[in-house]
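A.B. asks: Pasted the sequence and its predicted model underneath.
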Amino acid sequence: MFIRNAWYVAATAAECVTERPLGRTLLGEKVVLFRTPQGQAAALEDRCCHRLAPLSLGDVEEGGLRCRYHGMKFAPSGQCVEIPGQQELPPAMCVRSFPLVERHGFLWIWLGDPSLADPTQIVDCHWNGAPGWPTASGYIHYRANYQLIADNLLDFSHLTFVHRTTLANAAFPNARPEVVPFEGGVRLYREILDCEPSPLHRMAGRFTGRVDFWNRQVWWLPSVFENWAGSAIAGGDGPPHERPGALHFRHFSLLTPETEASTHYFWIHPCEFPDGDASLIDAVGEGIRMAFDEDRWIIEAQQEVMDRSPSVKPKGLASDVALNRIRKMTAQRIEEEAASTPGHPPF
Amino acid sequence: MFIRNAWYVAATAAECVTERPLGRTLLGEKVVLFRTPQGQAAALEDRCCHRLAPLSLGDVEEGGLRCRYHGMKFAPSGQCVEIPGQQELPPAMCVRSFPLVERHGFLWIWLGDPSLADPTQIVDCHWNGAPGWPTASGYIHYRANYQLIADNLLDFSHLTFVHRTTLANAAFPNARPEVVPFEGGVRLYREILDCEPSPLHRMAGRFTGRVDFWNRQVWWLPSVFENWAGSAIAGGDGPPHERPGALHFRHFSLLTPETEASTHYFWIHPCEFPDGDASLIDAVGEGIRMAFDEDRWIIEAQQEVMDRSPSVKPKGLASDVALNRIRKMTAQRIEEEAASTPGHPPF
Amino acid sequence: MFIRNAWYVAATAAECVTERPLGRTLLGEKVVLFRTPQGQAAALEDRCCHRLAPLSLGDVEEGGLRCRYHGMKFAPSGQCVEIPGQQELPPAMCVRSFPLVERHGFLWIWLGDPSLADPTQIVDCHWNGAPGWPTASGYIHYRANYQLIADNLLDFSHLTFVHRTTLANAAFPNARPEVVPFEGGVRLYREILDCEPSPLHRMAGRFTGRVDFWNRQVWWLPSVFENWAGSAIAGGDGPPHERPGALHFRHFSLLTPETEASTHYFWIHPCEFPDGDASLIDAVGEGIRMAFDEDRWIIEAQQEVMDRSPSVKPKGLASDVALNRIRKMTAQRIEEEAASTPGHPPF
C-alpha cells in the first residue's frame, strides 16, 4: 500500500535519453520512460495492448515509441498511431500514460488520479547542480520497503552505531531533535554545540577543532527527505547556520517504492564549502555513498527479519517519535485515498 | 493444462545414450529416458517407488535401469526385476512407463492414456537428415509457456520488427496468409511475388535480385510447426515452389511443454539449395539460431509481463486469426480430454 | 514439525568466538550465538526487540551483545542493559534467551520448554578429540529435511550403491542388522564375518586380507547417530570388537534441523588405529567427507522429488525396519509435546 496521489522521482533527467527507452517498476507498476527526438519525456505503462510485450524493448521514433514485437507505435499520450498491416486504428488500442514533469534534474511521475496532478506540489530541490553548489549524487537499489529507509532517516540516533567511520557523532543519541509536524510531513531541528565533528564534516569543512552543528530536516510526504545540515567553528555568534564560513549540506534523499519489498533511492548532496573550494566534492560524495551502504546493509537485514516474523511488533523507544508520526500520517493518507476512490486501484 | 493424448518430442535420438540416463521434465512430469545396451529406448517416471530417489541418477544395465540409492532395478516396462537383499519382488514394486517411439531422429513420448497411443499419428518430418537434405538443427530452452511461442510462429507479421537482420521481409505485415483450418490444426499459405528477399533467403539462395517467395505452413496440434518456405527468382512461370532452381526450406519447430512456464524447443531445418551445394548449411543454421534467439528475447519478456498482470487480456488485431484459431482448438481438445477421462489427471 | 524438548548441536565450540557473534537458523528459529570476553557462550533470538534488526550484526562487549543499529545492549540472559540516549530500561525490553551447554567440543542448545532442559540428557560423545583418539570432523549444509538423512543413516544397505569408492561392502544388502528399540531411540547391531573390507576400512586398518566387521549403532532421538564400527583380521577369537589390533571408529553424526527443508550436519570421527599410528587420520577424514558428499548428492535429489510430489508415498522394503521405527517414535514424541503444551509454539 502506497500513497499514490503524489509526485515520485521516476528517474534522473539524464537517465532518460532518446536512444533507448527505460523500463522501471514504480509503486509496483511497470512503466516505460522515453524521450522523443524533440526532447519531451513521457511515461507509459510498459505493456503493449496487443499481445502484452514490454514497450521498453521498443524503439523511440519521431512522435512516439514503437513496440518491438509487431510494430505498433504509441504517442506520448498512449494512443496507438500506427498498426503495421492494418489501416484501422481503433481508439481502444491505447496504453495508459502517466503525468510526468521534468524539474530540478529529475523526472517526477504521478501514479495516482491524473486529475489531481499539480506540479506546484513537487518538492523544491533546486540546489541540485545549481551554480555555487557543487553536487554529489547517486542511486541505490534497496531490497527493503521504503518505510524502513524512512525510519532510518527519521532517527539519527543510529549514526553513532551504523556510521562509525563517516557520519558518527558521539553526541547524537543524547541530542534529541525538536519534532514539528505540519500538514505535509514533519520538520526536525537539532543543534549540537561544541562537539567533535563527524569524520565527514571534519573533512569537508577542513575543521581542526570542535564545532557547532545543526540539522534542519523536513520529511515531505510521502518520501522525500530534505536535510540541511552543517557545522561552524564552535563558539561563534548567532545560530551556527547563519554564520559566515560555515559548511552547508543541502542534502535530499528521494525514495520511490519499486515494490512493497524494494525501493529506488535517489540522493543529491549539494554543498557549500567554507572556503568556496569545490575540490572536496568527490570525497564528500564517496563518504555519503559509504554511509548509505552501511545503512543498506543493516536495513536489508532488518527487512529479512521482518519478512520471517511478520507478527512480531517493534517495541518503541523515545527516539521513535518522528518516525512514528510519519508512519501514522502515511497510513492516514492511504486510508483517505482509498475512501475517496470508489473501487480505487488502479486509478 | 496441456493436451496429453498426443505425441511430443522427448529428446533427439542422439541425446539418449546407453552410457547414462537422461532426466527431463515433460508436461510437468519428471521422466527418465534411457537406452539399453541392445539399443531400445525407454521412458519411465523419474522416481524410484521405494524412497523416491530420481532414477535419472542411476545406472543403465543389461535389461534395465538400476536406482543409485538402494540398488533396485527396473525393466523398460517399469517393473522392478531386482531388490538387493530381498528375494521377493512384489508386483506393486514398479514405476510408471510411457509409450516411446523413435522416429525421424526423435524420441516421441505419449504422456496421456496409453491405450490411445497410435504411432501413425506422429508428424512426418522425414526430411530430417535425409539424403539430399542438408539439415541444420538445434534446441532452445524457453522460460515461457509454449502457447506464446505458438502465437509467434502463427503470426509472421513480427518478422519485420523482431528479425531485422535475419528473416525480415518488409512485405510481411501486408501479406496476410490464407488460413485453412483442418481437424488436426491449421494450414497457412502465403505467397509474396516480386519482393526483396530476406537476408537469410538472399544468402542461402545466392540471390542477387528480387524473388517470388512462398510459405506453406502447417500447425499440427498440439505443438509441431511445419514450415515449407522458399524463394525462386522473381517472374518465372508457374507457382514459385514448383520451379526448378528454387530454394527450399523444410523447417519444423517441435515444441514440448516442460512446465506451464517453460518449453523445450527442438527445431530442424532441412534445406534444398538451388545449386545443390551444401556448403551454406552451417551459415543457414547460424541464421536460424540468431533469429530464434531474437524471438526468445521478446517472448520471455512478454511472459514476464503476463505473469505480473494475469487479468489483462490482449487486444486482437487482424493478424491474429491463425493463432486465435489454434488457441481455440487447443482449449477444445483439453476440454474433450477432461470430459472423456473420469477423474483424469494423472492418467 | 520437530521434537523441541531436546538438545541439539548449535555449533562447534570453536565456531563461537568473542570476536564476532554467529547467526544461525535452528529448528526454523533465528538464533545468535556469542561468547563473552570471559568465555561464556550464550544464545539469544537473533532479533532486536526495538526495530527487529538482527543482533548477529552486532558487537560482543563486556557483559553482552550490542545491537549494531541503535546500540541497545543485551546481557546473556536476554535482558536489555543499556539504551543509548534513554535512562529508563523497561523490563519488557528483552529478547528470548535459550539454554546453552558447552560439552564435548559442541554448543548444545535447547529450543523447547526451558524448564525441562536437563544437561544430563546430552549424548555422550566424549571421544571427540580425546587423548588416544585422533579425530576427523566436519560440517555439511544439506538442502533436505533431516529425516531423509536419518533414513539414510538407519539403512546401510545403500552403502553398496552410493559409496562405491569409499564405504561400499558388497555384503551389506544381505547383512541385516539386529534392530533393538529402547526408550530413547534404536540400537542396531551388525556383524559380517570373513568379508572383503570396504576401501575405507582397508586403508585405515592397513588390512591386506579379509576381515571380521562390526557396527554397533545407536540412534539417539531426535537426531544423533552414534556408530561404533570397526574391523579385525578375519578369523580371530571372540567378538571382533574385543580383539586386540582391531580398527575402531567412534563416529557421531549430529543433525540439527535448520528448517523443514534444510539441515546442519555436524560429524566427528574419532579413530583407534590398530598400530596406534595417527598419520592416517587426514586420509580417513577425507574418505568420510567424500562419502558424505555422495550421500548429500542423492538425498538432496530425493528431497527435490518429494517436494514435487508431496502426495506420493514411499513403498517399503524389508530393509526399512529401523528407519520406520525412528519415524514412528519421532512422530509420537512430537504429538506428546503438542499435547502437553497448550497453545504450544512458540514455547
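C.D. replies: Ah, there it is. Here the structure is a predicted model, which means the values were calculated and not measured. Numbering: from 1, shown residues only, chains lettered A, B, ... in the order given.

A.B. asks: which residues touch A:Ala318?
C.D. replies: By CB atoms under 8 Å, 6 or more residues apart in numbering or on different chains, the residues touching A:Ala318 are A:Arg176, C:Gly85, C:Gln86. Heads up, the C-betas are built off the backbone N, CA and C, glycines and all.

A.B. asks: tell me the phi and psi of the last one?
C.D. replies: With angles defined as degrees, to the nearest 10, C:Gln86 shows backbone torsions of phi -150, psi 130.

A.B. asks: so what's it bridging to?
C.D. replies: C:Ile83 (DSSP bridges).

A.B. asks: Report the contact partners of it.
C.D. replies: Applying CB under 8 Å, 6+ apart, the residues near C:Gln86 are A:Leu317, A:Ala318, A:Ser319.

A.B. asks: Quick check: it vs B:Gln79, distance?
C.D. replies: Taking CB to CB, to the nearest Å as the measure, C:Gln86 falls 74 Å from B:Gln79.

A.B. asks: can you check A:Leu221 too?
C.D. replies: Applying CB to CB to A:Leu221 and B:Gln79 gives a distance of 70 Å.

A.B. asks: neighbour-wise, which of the two wins?
C.D. replies: Neighbour totals were compared for A:Leu221 and B:Gln79, and A:Leu221 leads with 19 against 15 (other CB atoms under 10 Å in any protein chain shown).

A.B. asks: ok, the more buried one touching A:Ala331?
C.D. replies: No: A:Leu221 is beyond contact range of A:Ala331, at 11.2 Å (criterion: CB atoms under 8 Å).

A.B. asks: The strand ranked longest in chain A near chain B anywhere?
C.D. replies: For chain A, the strand with the greatest residue count under DSSP state E is strand A:247-259. No: contact between strand A:247-259 and chain B is absent, the nearest approach being 10.4 Å (criterion: CB under 8 Å from any CB of the partner chain).

A.B. asks: what's the burial count for the residue in chain A positioned nearest to chain C?
C.D. replies: Residue of chain A nearest chain C, by CB to the nearest CB: A:Pro173 (3.4 Å). Around A:Pro173 there are 21 other residues, counting by other CB under 10 Å.

A.B. asks: Could you find the closest non-adjacent residue to A:Ala41?
C.D. replies: A:Arg35 (4.8 Å; CB to CB, 6 or more residues apart in numbering or on different chains).

A.B. asks: wait, what's in contact with that neighbour?
C.D. replies: Contacts of A:Arg35 by CB under 8 Å, 6+ apart are A:Cys16, A:Val17, A:Thr18, A:Ala41, A:Ala42, A:Val60.

A.B. asks: rerun that using 10 Å as the cut-off
C.D. replies: Shown in contact with A:Arg35 (CB atoms under 10 Å, 6 or more residues apart in numbering or on different chains): A:13, A:15-22, A:41-42, A:60, A:76, A:102, A:107.

A.B. asks: PyMOL command to pick out the buried ones of the residues you listed?
C.D. replies: Entered in PyMOL, the line below selects the buried ones among those, by 16 or more other CB atoms under 10 Å in any protein chain shown:
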select buried, chain A and resi 16+21+22+41+42+60+76+107
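
A.B. asks: which one of the contacts of A:Arg35 is nearest chain B?
C.D. replies: Looking across the contacts of A:Arg35 and measuring by CB to the nearest CB, the closest to chain B is A:Pro21, at 12.7 Å.

A.B. asks: mind listing the helices for the stretch 201-347 of chain A?
C.D. replies: All helices of the stretch 201-347 of chain A, identified by DSSP state H, counting those that start in this stretch, fall at A:281-308, A:321-340.

A.B. asks: hmm, the first one touching chain C?
C.D. replies: Pointing back at helix A:281-308 there. Yes: using CB under 10 Å from any CB of the partner chain, helix A:281-308 reaches chain C at A:Glu294, A:Asp295, A:Trp297, A:Ile298, A:Ile299, A:Ala301, A:Gln302, A:Gln303, A:Glu304, A:Val305, A:Met306, A:Arg308.

A.B. asks: give the contact list for the third one.
C.D. replies: By that I understand A:Trp297. A:Val162, C:Leu57, C:Arg68.

A.B. asks: What separation is there between it and A:Ser319?
C.D. replies: 20 Å.

A.B. asks: circling back: so of the contacts of A:Trp297, which ones are in helices?
C.D. replies: A:Val162 (DSSP state H).

A.B. asks: Would you reformat the contacts of A:Trp297 as JSON lines and include neighbour count, pLDDT and distance to B:Val95?
C.D. replies: Output for these, formatted as JSON lines (neighbours: other CB atoms under 10 Å in any protein chain shown; pLDDT from 0 to 100; distance: CB to CB, whole Å):
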{"residue": "A:Val162", "neighbour count": "23", "pLDDT": "90", "distance to B:Val95": "57"}
{"residue": "C:Leu57", "neighbour count": "20", "pLDDT": "97", "distance to B:Val95": "49"}
{"residue": "C:Arg68", "neighbour count": "24", "pLDDT": "96", "distance to B:Val95": "53"}
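
A.B. asks: any chance of the contacts of A:Trp297 in JSON lines, plus distance to B:Gly132?
C.D. replies: What follows is the contacts of A:Trp297, written out as JSON lines (distance: CB to CB, whole Å):
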{"residue": "A:Val162", "distance to B:Gly132": "73"}
{"residue": "C:Leu57", "distance to B:Gly132": "70"}
{"residue": "C:Arg68", "distance to B:Gly132": "73"}
